[in-house]
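Asker: test case, fold it:
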Amino acid sequence: MKKKMYPDCVTVYALLPILVKDGLVEDAVKIVDGFVNQALNRSDRSFWLQLMEGVLGEAELDHSISFAEKLASYHICRSDLIIVPVIRVLCKQKKALDAHDLFVKFKNTFGIRPTLRSYYPLVEGLLNVNLKELAWHLFKEMKNVAGCAPDVYTYNLFLDELGKSGKVDELFELYEEMLHRGCMPIAITYNILISGLVKSNKVERAMDFYYDLVSLGFTPTPCTYGPLIDGLLKVKNFDKAKDFFEEMAEYGCRPNSAIYNILINGFGKAGDLKAACDLFNRMNKEGVRPDLKTYTILVDCLCSARKVDDALHYFEELKSAGLDPDLISYNLMINGLGKSGKMKEALHLLDEMKSRGITPNLYTYNTLIFNLGIVGMLEEAGRMYEELQQLGLEPDVFTYNALIRGYSKSGDPDGAYAIYEKMMVGGCSPNSGTFAQLPN
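Answerer: Numbers count the residues shown, from 1 in each chain. Take a look at the predicted model:
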């Protein structure tokens, strides 16, 4: 009698996604059924995960879900790994509620027992779309299901949520629960706790917690120091922020661009531009490459201090360094030039950003219109007003107020009231600033 041959895993992984993609779901199910009954090693739990990842890589999501549902409803697959890739895809698409509904269906209708492997991506997805109450419900549920005890990564998700929400007492209560359950923290856990304290303006407590950890042998990372230094700078404790920065080297923790960015921003916003520029030079000397955020911070601080020529120097340097300015950096530089009355240079940057494929937004045009009006370039301001509408942007109250102000300051009351009429016709409601700009 001729022995019946069955496909191996490689064949199944290659064939099944194509069948599901073509809508031949029942045929795919039959092949899997035969393979599972005859050839699959029952201990090979990764089979279902790899199979569904392959199917999702080829087939439409609806067909993939239908395939998974049939495998579960026909009792061919009894592992929750069959839905883990689907949950990940749905959550990535910001459809965490759909992922939850599918999770419940597989659990309640098909009798698939969930494990930490399916709970984790689901609660992460729910938290990412701000469905916090549902995420917390599942977290509580996990603790009461055998074999689903939250691990350190799951606890970190909820610790982070509490820290960002400023719920410090609840944050440390959950941390204590985690320890009580025998779940050991990792470096990220401690960083989340420190960051949560700093976000709640409890910088001193964060520092005490940090020193307690270090005394117990904790090795800090840049992510540990970042929130601490940022918090100290925000409460104007610049000397202590510097001390922490220097202390990093003592623990073999090399500052990265994120640390330098925090320091440059802190000193720059405080008006200590020399310290900010010195830090920029130091990071270059230490071999830490400034990124776009570094340059953007410097440009912002220098423009705010009306040192627009210095800001323009760094703006041009970032391009020379092979970085591409984005909308934010262009807007900052255009606004800085405009406030300094350098409208020719500001308009040149507008043309440059468009030539680089960066579409100006309403802030770009409002800034230009306002500053053009101040220097009396009303014709150019009017052209900006028309151009923004051609791009599909809607003028707002700031747009109209800037135009009204320009005409009023130029001694053209008729022009100012003509803009006001356009504002009314366009359905934009005036504010107190509008009437303050209109000539009497």
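
Asker: wait, what's in contact with the most centrally placed residue in the chain?
Answerer: Note on the chain: the residue nearest the mean C-alpha position is Asn128, at 9.9 Å, using Cα atoms, centre = their mean. Asn128 makes contact with 91, 94, 96, according to Cβ atoms under 8 Å, 6 or more residues apart in numbering. All C-beta atoms are positioned from the backbone trio N, CA, C, and that covers glycine.

Asker: can I get these in TSV including secondary structure and neighbour count?
Answerer: Shown next, in TSV, are those (DSSP: H, G, I helix; E, B strand; the rest coil; neighbours: other Cβ atoms under 10 Å):
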residue	secondary structure	neighbour count
Cys91	helix	23
Lys94	coil	11
Ala96	helix	26
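
Asker: and which of the residues you listed is nearest Tyr400?
Answerer: Lys94 (35.2 Å; Cβ to Cβ).

Asker: who's in contact with that closest one?
Answerer: 128-129.

Asker: over to Gly415?
Answerer: 378, 407.

Asker: okay, and it sits in which element?
Answerer: Gly415 is located in helix 413-425, with elements delineated by DSSP states H and E.

Asker: what helices and strands are in contact with the next helix or strand after that helix?
Answerer: Next helix or strand after helix 413-425 toward the C-terminus (DSSP H and E): helix 432-437. Using 3 or more Cβ pairs under 8 Å, 6 or more residues apart in numbering; DSSP states H and E as the contact test, the elements touching helix 432-437 are helix 397-409, helix 413-425.

Asker: distance between helix 432-437 and the chain's centre?
Answerer: Relative to the chain's own centre, helix 432-437 is displaced by 37 Å; criterion: Cα atoms, centre = their mean, to the nearest Å.

Asker: other residues contacting that helix?
Answerer: Outside helix 432-437, the residues that touch it by Cβ under 8 Å, 6+ apart are 397, 400-401, 404-405, 408, 416, 420, 423.

Asker: let's see it at 7 Å
Answerer: 397, 400-401, 404-405, 408 (Cβ atoms under 7 Å, 6 or more residues apart in numbering).

Asker: of those residues, buried ones?
Answerer: Buried residues within the contacts of helix 432-437, counting neighbours by 16 or more other Cβ atoms under 10 Å: 400-401, 404-405, 408.

Asker: tell me how far Ala249 lies from Met333.
Answerer: 34 Å (Cβ to Cβ, to the nearest Å).

Asker: again with Cys253
Answerer: From Cys253 to Met333 the distance is 34 Å (Cβ to Cβ).

Asker: more neighbours: these two, which one.
Answerer: Met333 (27 against 17; other Cβ atoms under 10 Å).

Asker: ok, for that one, nearest residue in space, not its chain neighbours?
Answerer: Sequence neighbours aside, Phe315 is the residue nearest to Met333 in space, at 5.0 Å (criterion: Cβ to Cβ, 6 or more residues apart in numbering).

Asker: give me every residue that touches that neighbour.
Answerer: The neighbourhood of Phe315, defined by Cβ under 7 Å, 6+ apart, consists of 299, 325, 329, 333.

Asker: buried sites along the host helix or strand of the last one?
Answerer: Element membership of Met333, judged by DSSP H and E, is helix 327-339. By neighbour count with 16+ other Cβ under 10 Å, helix 327-339 contains the buried residues 329-339.

Asker: brilliant, that's me finished.
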